[in-house]
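S.K.: Quick one, structure for this:
(chains A and B)
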Amino acid sequence: MITAASIFFAVLFSSFMISFQKGVWDRMIENFLSSYFGYIQVQGKSYWEEQSLDYAFTPDEQLKALPKELKGIEGMIPRLESFAMASYENMISGTMVVGIEPKEESKFSGLEKKLVKGQYLQPGDQGLLMAEGLASYLGIDVADTLVLIGQGYHGTNAAGKYPVIGILSFPSPDLNKKMIYITLNEAQTFYGAEQLLTSMVIQLRNNDDFRLIKKQLETKLDTSRFEILQWDEMLPELVDAKKSDSAGNYIFILVLYMIISFGIFGTIMMMTKEREFEFGILTGIGMSRKKLAIVTWLEIVFMGLIGAIAGIVGCIPLVYYFSKHPLNLADYMKEMGEIYAKWGFDPLLPTAFEPGIFLNQALIVFVLTTILAGYAVYKIFRIKPIEAMRK
Amino acid sequence: MTVIETKGITKVYNPKKVPVHALRGVDLTIRKGEFTAIVGPSGSGKTTLLNIIGGLDQASSGVVIVDGVDITRISDNKLIDFRKEKIGFVFQAYNLIPVLTAAENVEFIMLLQGISKDKRQKRVVELLKSVGIEDQADKRPSKLSGGQQQRVAVARALASKPSFVLADEPTANLDSKSTAQLLDIMAKLNQEEGMTFIFSTHDQRVIDRARRVVTLEDGMIISDVTR
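M.R.: Sure, this is the predicted structure:
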């Protein structure tokens, strides 16, 4: 009972901890991706490596028909992105100019919510939205006119004057000092890239399906023209950050497993000690050590199985509850909550409700138990009936 | 017919530190159907001798031949098998398995011998009846008196149909009435079924019932009287 209980709690704690860690990371990635990148993007072949307008693509009928053909796709957000120099009076700065469909973009990334001054971009507008930091650097304000100069499609000159119709505030300092948004049509005109896009963000009904949708896209689209990128290919630094965080967690998990192992070992040692007398009688009257060891090992393994199954059953409601009712960081650490909010992220810490996590943890704890059961087997093979029966 | 033969058995505890000589060259022969008491004061080596004869302990030197097999020269696994098939044990502290009922304690060794369930259960009933506790079959040892537990132990010792029964101070924890009843049972089994019993004891009531009395002192046989 004590052994089974210790295994139950071991599975419960380790599963909850792993679910929590994974849930928090998944949430962070989701927050990050839904603010700009998306889980999947379709781009022109070689655009990702070169980041040049020369690799922009024309969306064909096949691409436009995707939301109707694939149920997992909720919508598509077209963009034309490139670099340009922005100038106002005596000031000049390098910028990232993004051509967007204002409504679709805002629905996807919540761009309109970042507006701190002026108006949000509307279809057909000939003005621009710019980041607060950039506006401050250039000393420009709403209703002033900004000059953009850059290199257009196939080396053409790109130049234009655009009134500032709104100022956006980005929590990321990097975005805050370089982002400019204009309508897609204006961007195509500015860069001389009529009908062209640099990327199409694929909006998914369920973000967890991104691998499956990517495979489906690869069969639907002409892969000699298009490149289908998933988030971890576009953001290797985010993957590295996750890996580096996980490496720290592995040490923590290792310590947890050590504590768990010592807990289980303690109960097995206690059980073996308590039953030394019984083992002495059994070997004394003629039960072979091998048979006794197998029976005892199976008994511990069976206890381990019960504890592991009970641990899984116990985890399901706990992890499910916290996946649906995540801990709100702002309730416990107000400052951290504010930092999250500033970045446009929810200050929520959910658990990841993935059966694979419970099964893995139960399996690990179960394997640990079966290995630790070797102690009882070792003692049985060493037991001296006379001494054991005296105890 | 000789069942047990020991030749020059010695047993030294702590040979490297402070040697304690428990047995100093014991030669003993037990024949089938004997009802033998090994007597002597505490520390004379009675229990050590029984443990060595029963293969529970190893002699420092000498030979123990049981049913023609020198048990000092066989492996631990074979010795365990040997105990299961040839020897019945009755211990001073009963040593029943606490989690099993009286019937299950008796049945267990037959289970190890691979005897079929029908035969096992039939023999359990017979044995518990022969020791007079058939009505206590479903009780665990903790629910039985000392005398009843020792009777279960006797039934268990006989369950495997051993060549002989070794009983180490079987009456040490029993009152007079229980002692008398237990001795009656063992004497009856000895007379009617020809079962060989070897006791270690310093209980005069047991000594009075024995037909052969071997006296040990300081690890040596000082007298061997057959009545």
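S.K.: Which helix or which strand is home to the spatially most central residue of chain B?
M.R.: Nearest to the mean C-alpha position of chain B, counting by Cα atoms, centre = their mean, stands residue B:166 at 1.6 Å. Residue B:166 is part of strand B:164-168, with elements assigned from DSSP states H and E.
S.K.: After that strand, which helix or strand is next?
M.R.: Along the chain past strand B:164-168, the next helix or strand (assigned with DSSP H and E) turns out to be helix B:176-193.
S.K.: Just the pLDDT for the residue in chain B positioned nearest to chain A.
M.R.: Nearest residue of chain B to chain A: residue B:84, at 2.5 Å (Cβ to the nearest Cβ). (Each C-beta comes from the backbone N, C-alpha and C, glycine too.) pLDDT, residue B:84: 90.
S.K.: Tell me if I'm right that it and residue A:287 touch.
M.R.: Yes. Applying Cβ atoms under 8 Å as the test, residue B:84 and residue A:287 come out as touching, 7.4 Å apart.
S.K.: if we can go back for a sec, tell me which element the residue of chain B closest to chain A falls in.
M.R.: For residue B:84, the host element (DSSP H and E) is helix B:76-86.
S.K.: try residue B:120
M.R.: Residue-wise, residue B:120 maps onto helix B:117-130 under DSSP H and E.
S.K.: Just the CA trace of that helix, in CSV.
M.R.: What follows is helix B:117-130, C-alpha atoms only, in CSV (Å, rounded to 0.1, in the frame of the first residue of the first chain):
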residue,chain,number,x,y,z
LYS,B,117,-5.5,-28.9,-5.7
ASP,B,118,-7.9,-31.8,-4.9
LYS,B,119,-5.2,-33.9,-3.3
ARG,B,120,-3.9,-30.9,-1.4
GLN,B,121,-7.2,-30.0,0.1
LYS,B,122,-8.0,-33.6,1.0
ARG,B,123,-4.7,-33.9,2.8
VAL,B,124,-5.1,-30.6,4.6
VAL,B,125,-8.4,-31.8,6.0
GLU,B,126,-6.8,-35.1,7.1
LEU,B,127,-3.9,-33.4,8.7
LEU,B,128,-5.8,-30.8,10.6
LYS,B,129,-8.1,-33.5,11.8
SER,B,130,-5.2,-35.6,12.9
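S.K.: Tell me which of residue B:84 and residue A:287 has more neighbours.
M.R.: Taking residue B:84 and residue A:287 together and counting by other Cβ atoms under 10 Å in any protein chain shown, residue A:287 has the greater number of neighbours (21 against 18).
S.K.: Now do the residue of the stretch 51-200 of chain A found nearest chain B, the pLDDT please.
M.R.: Taking Cβ to the nearest Cβ as the measure, the stretch 51-200 of chain A has residue A:72 as its residue closest to chain B, at 58.0 Å. Model confidence at residue A:72, expressed as pLDDT, equals 87.
S.K.: just residue B:214 next, same as before
M.R.: Per-residue confidence at residue B:214 stands at 96 (pLDDT).
S.K.: Tell me the secondary structure at it.
M.R.: The three-state label given to residue B:214 by DSSP: H, G, I helix; E, B strand; the rest coil is strand.
S.K.: List, one by one, the residues from chain B near chain A.
M.R.: Within chain B, the residues that sit near chain A (Cβ under 8 Å from any Cβ of the partner chain) are B:51, B:56-57, B:76-77, B:80-85, B:89, B:91, B:93, B:95-99, B:108-109, B:112, B:156, B:160.
S.K.: For residue A:200, list each beta-bridge partner.
M.R.: residue A:42, residue A:78 (DSSP bridges).
S.K.: and if you look at the one 4 residues further on?
M.R.: On the basis of DSSP bridges, residue A:204 takes part in beta bridges with residue A:73.
S.K.: if we can go back for a sec, so in that sheet, which strands flank the strand holding residue B:166, and in what orientation?
M.R.: strand B:87-90 (parallel), strand B:196-201 (parallel).
S.K.: any idea of the angle that strand forms with helix B:176-193?
M.R.: Angle of strand B:164-168 versus helix B:176-193, following axes from the mean of the first three to the mean of the last three Cα atoms, to 10 degrees, is 160 degrees.
S.K.: hmm, who's touching strand B:164-168?
M.R.: The set of residues that contact strand B:164-168 without belonging to it, under Cβ atoms under 8 Å, 6 or more residues apart in numbering or on different chains, is B:3-4, B:30, B:32, B:46-47, B:50-51, B:53-54, B:86-92, B:154, B:157-158, B:186, B:195-200.
S.K.: Which SSE is immediately downstream of the helix holding residue B:120?
M.R.: Moving toward the C-terminus from helix B:117-130, the first helix or strand encountered (DSSP H and E) is helix B:146-159.
S.K.: Can you spell out the domain ranges of chain A, please?
M.R.: The record's domain parsing of chain A by automatic domain parsing lists A:2-31+A:238-390, A:38-234.
S.K.: Tell me the buried residues in the lowest-mean-pLDDT helix or strand in chain B?
M.R.: Among the secondary structure pieces of chain B, namely its helices and strands, helix B:176-193 has the lowest mean (mean pLDDT, DSSP states H and E), a mean of 85. Along helix B:176-193, these residues count as buried under the neighbour rule (16 or more other Cβ atoms under 10 Å in any protein chain shown): B:178, B:179, B:181, B:182, B:183, B:185, B:186, B:189, B:190.
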